[in-house]
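*Asks:* Take a look and give me a structure for this.
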Amino acid sequence: MAINQVLPHPSELPPAFLQEKEPIEVSTQEIATAPAVGAGIFAHGGEHFLVQSPYTEQEHLLDLRTLGAENALLARALARMRSLRPDYATSSYAETFNWDEIIEELTRLVREHGHSWKETSFFIVAFRSQIPPTTVYDDLGALDKVAHAEAIASGGFLKYWFGHPDKDGRNLATCLWRSQEDAIKGGVGPGHRKAAAATRSLYSHWKIDRHRLIIRNDVQSWEIIDWE
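*Replies:* Below you'll find the predicted structure:
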């Protein structure tokens, strides 16, 4: 369950540029076709909109252009995120997913775009739950989908992954956010409030864990720690 630019204005010319000068020939064709600096970072597979969850409708897609470079690059690398083990509902978070592969892809993207990666930390929410046999899983899905669209619209929601309940009804869902502030903002909509209100009746047990993903300068190292 989800626990969940503005283009710069042209600068004013300094007064010296307003004085008459010798005419200078400018190739307007060359200016028109020159690519925007860093534009490639904010497109994945040629598209600005990224599928960042199991939901693929337009309102569930992440617009990479709304992010800074570090966040956009990580969101693209997280497209490779997958579980490595069947007991993800109860296993250690850091050992559950293919983090080495994700960071390897991030390193490749950073080099491909010639980007100087600055140390950045990201906010992770892990929602561990158990549902009783009486819960209709489709009901959970309907609530979750509405909440996810709200979270995407709020901004900074980089990745959403969820599994399927095991034989005992235990499951894991996880969200990666640009910041804790974004996560809080993404969880205040009516869809989230409705989902939260249904928690007691639909789940027999639930727990929220918070982690921090830190990726250091030039992606030289990384770690996942508890959020403090």
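
*Asks:* Can you read off the backbone torsions of the residue most central in space within the chain?
*Replies:* Nearest to the geometric centre of the chain sits Leu158, at 0.3 Å (CA atoms, centre = their mean). The phi/psi pair for Leu158 (degrees, to the nearest 10) reads phi -90, psi -30.

*Asks:* and the closest residue to Leu176 other than its chain neighbours, backbone torsions?
*Replies:* The shortest distance from Leu176 to any non-neighbouring residue, by CB to CB, 6 or more residues apart in numbering, is to Lys159 (4.2 Å). C-beta coordinates here come from the backbone N, C-alpha and C atoms, glycine included. Per-residue torsions, Lys159: phi -160, psi 140 (degrees, to the nearest 10).

*Asks:* And the pLDDT for Lys159?
*Replies:* Looking at Lys159, its pLDDT is 98.

*Asks:* Go ahead and confirm it touches Ala75.
*Replies:* Yes: counting by CB atoms under 8 Å, Ala75 is a contact partner of Lys159 at 6.6 Å.

*Asks:* Could you check how many residues crowd around Lys185?
*Replies:* Per other CB atoms under 10 Å, the neighbour tally for Lys185 reads 17.

*Asks:* Find the nearest non-adjacent residue to it, please.
*Replies:* Ser154 is the one closest to Lys185 (CB to CB, 6+ apart), at 5.0 Å.

*Asks:* so what's the backbone phi/psi at Val188?
*Replies:* phi -110, psi 0.

*Asks:* Give the closest residue to Glu150 in space, chain neighbours not counted.
*Replies:* Gly189 (3.7 Å).

*Asks:* unless I'm mixing things up, that neighbour is touching Ala195, no?
*Replies:* No: at 9.7 Å, Gly189 does not count as touching Ala195 under the criterion of CB under 8 Å.

*Asks:* Which residue of those two possesses the greater neighbour count?
*Replies:* Shown here are Gly189 and Ala195; by other CB under 10 Å, Ala195 has more neighbours (25 against 19).

*Asks:* so what secondary structure elements neighbour the strand or helix carrying that one?
*Replies:* Assigned by DSSP states H and E, Ala195 belongs to helix 190-197. Where contact means 3 or more CB pairs under 8 Å, 6 or more residues apart in numbering; DSSP states H and E, helix 190-197 is packed against helix 137-154.
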